[in-house]
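[1] Fold the following.
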Amino acid sequence: MKIKPLYDYILIEPIKEEEKTKSGILLPETAEKERPEQGVVVAVGPGKRLDNGELAPLAVKKGQKVLFTKYGPTEIKVDGKEYLIAKEDDILAIIED
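    Residues are numbered from 1 along each chain as shown. Take a look at the predicted model:
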């Protein structure tokens, strides 16, 4: 299945990092963890609809690594894989390595 976001929505694949305690113990997947705040942009909508009817292009592009608000995006599952759908306003920064 292919998902194409509308308007200023962005499809994000969250980056799940391994969690370790301060003493170096690796926490298992079953442990309760915080929602991720970083991800890779999988798809973007055509842009934000302005009051005059025009579309303003989005600041993020497919393939970029982004930092987003913890509870802003909506979780979805597609073909058994977890994704997040966020509005452009939920994106806080683009992460450059």
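
[2] dump the residue contacts of the residue nearest in space to the middle of the chain.
    Centroid-nearest residue in the chain: residue 12, 3.3 Å away (criterion: C-alpha atoms, centre = their mean). For residue 12, the contact set (C-beta atoms under 8 Å, 6 or more residues apart in numbering) comprises 39, 40, 41, 42, 66, 68, 73, 83, 84, 85, 86. Backbone N, C-alpha and C define where each C-beta goes, glycine included.

[3] Correct me if wrong: the last one contacts residue 10.
    The one in question is residue 86. Yes. Taking C-beta atoms under 8 Å as the definition, residue 86 is a contact partner of residue 10 at 5.2 Å.

[4] out of these two, which sits in the busier spot?
    The neighbour comparison of residue 86 against residue 10 (other C-beta atoms under 10 Å) goes to residue 10, with 27 against 22.

[5] Next secondary structure after the helix or strand harbouring that one?
    Residue 10 belongs to strand 9-14 when elements are defined using DSSP states H and E. Counting by DSSP H and E, the next helix or strand C-terminal to strand 9-14 is strand 38-44.

[6] low pLDDT regions in this structure?
    Residues of the chain meeting the criterion pLDDT under 70: 17-36.

[7] give me that answer again for 50
    Applying pLDDT under 50 to the chain flags residues 31.

[8] For the closest residue to residue 40 other than its chain neighbours, give its distance to residue 39.
    Of all residues not flanking residue 40 in the chain, residue 13 sits nearest, at 5.0 Å (C-beta to C-beta, 6 or more residues apart in numbering). Distance, residue 13 to residue 39, using C-beta to C-beta, to the nearest Å: 6 Å.
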